[in-house]
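Novice: sequence isn't available, so here's the structure alone:
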């Protein structure tokens, strides 16, 4: 049996009582998803190292959620020599990556469509999962069925609605009600829809985004 090799790992670190979830994916689907409570958050970087090494994924393909201490964990790992560890802000706007040299009109159109197809990075990442799981996707994208963590993942993904804003961009409900979203608003947050923080789904979203993202220029580092 051919051994699958992960293309990227996504790490949603624990914050405020949530669980730390880590996912490894390749082009065929999820290879492994683990989730557990980590009251001692100082251990998260060590667990990330072990998970990355287990799946043979170099540090520049490790994607942490920027929030919930993710930035601090990533900074710590980079300072330890794990160069290239990346962070992703779920709420950040979609900004096409800068490219050198001439840009064709076709590429300009593609970048424009990419920018305006999604309201923010969370909508983009979960939109990618939706596309991969679409029955019309000939390549397919598998979710294992041999564990409670995968049942929980399916449970988290199933109630997430497909919403479009006034500009026709794919949007998702906020993760939790803060700021401009009133407590009695008809808009339900993801935490309300799911019942708690979507830790496992976020880890998979990070891994899928990382697997499809164009690799950065490699840098020397420990592994």
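Specialist: On my side now, so go ahead. Just so it is clear, the structure is predicted and the values come from calculations on it, not from any experiment.

Novice: go ahead and confirm residue 212 touches residue 127.
Specialist: No. Under the criterion of C-beta atoms under 8 Å, residue 212 lies out of contact with residue 127, with a separation of 11.3 Å. In this view, the C-beta of every residue, glycine as well, is placed from N, C-alpha and C.

Novice: so the two - more neighbours on which side?
Specialist: When residue 212 and residue 127 are compared for neighbours, residue 127 comes out ahead with 19 against 15, by other C-beta atoms under 10 Å.

Novice: what sits against that one?
Specialist: The neighbours of residue 127, taking C-beta atoms under 8 Å, 6 or more residues apart in numbering as the test, are 117, 118, 170.

Novice: buried set for the helix or strand where it lies?
Specialist: Element membership for residue 127, per DSSP states H and E: helix 121-133. When neighbours are counted by 16 or more other C-beta atoms under 10 Å, the buried residues of helix 121-133 are found to be 121, 122, 123, 124, 125, 126, 127, 128, 129, 132.

Novice: before we move on, what about stretch 32-43?
Specialist: Across stretch 32-43, burial judged by 16+ other C-beta under 10 Å covers 32, 33, 34, 35, 38.

Novice: in strands, which of those fall?
Specialist: Judged by DSSP state E, strands contain the following of these: 32, 33, 34, 35.

Novice: turn those residues into a markdown table, columns for pLDDT and distance to residue 138.
Specialist: Below are those laid out as a markdown table (pLDDT from 0 to 100; distance: C-beta to C-beta, whole Å):
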| residue | pLDDT | distance to residue 138 |
| --- | --- | --- |
| 32 | 98 | 24 |
| 33 | 98 | 24 |
| 34 | 98 | 29 |
| 35 | 97 | 30 |
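
Novice: alright, that wraps it up for me.
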